[in-house]
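# Output the structure for:
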Amino acid sequence: MTNQTPKVDVWRSDEGWRLVAELPGARAEGVKVTADRGTLTVYAEAGARIFKRSFTLPDEVDADGIGARLERGLLTLNLPRVPTARSRQIRVESA
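Just a heads-up that it's a prediction; the model follows:
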């Protein structure tokens, strides 16, 4: 098997990040995406080729909210931002 590094495009928005990786010939059952200890890893088997690439995740990524979709050899990952805590006025009651 031949190891290859997939080509990847990354976009950032207010909602988070979108990552698109080229995995020609890959099928969903041969693709594994993991987020562990701040590292995102994409692994795919496509015939005689193995694609593998890792990325350091920003602290703002909500790892539990990551979504993945494979379509026509393109793996799209949506990496949402952690919801930010909103400030609010807290009412103080007297005893």
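
# any residues touching the lowest-mean-pLDDT helix or strand in the chain, and which ones?
The weakest-scoring helix or strand in the chain, judged by mean pLDDT, DSSP states H and E, is strand 2-4 (a mean of 90). Among residues not part of strand 2-4, those counted as contacts by Cβ atoms under 8 Å, 6 or more residues apart in numbering are 48-52. C-beta coordinates here come from the backbone N, C-alpha and C atoms, glycine included.

# buried subset of the residues you listed?
Among the contacts of strand 2-4, those scoring as buried are 49, 51 (criterion: 16 or more other Cβ atoms under 10 Å).

# what about the strands in the protein?
2-4, 8-12, 16-22, 31-36, 39-46, 49-56, 67-71, 74-80 (DSSP state E).

# Partner strands of the second one and their direction?
In other words, strand 8-12. Partners of strand 8-12 in the sheet, by DSSP bridges, are strand 16-22 (antiparallel).

# buried ones in the strand it pairs with?
So for strand 16-22, counting by 16+ other Cβ under 10 Å, buried means 16-17, 19, 21.

# how about those in a markdown table, adding distance to residue 95?
A markdown table is the format used below for these (distance: Cβ to Cβ, whole Å):
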| residue | distance to residue 95 |
| --- | --- |
| 16 | 44 |
| 17 | 48 |
| 19 | 53 |
| 21 | 59 |
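
# Poorly predicted segments of the protein, please.
Low-confidence segments of the chain, defined by pLDDT under 70: 85-87.
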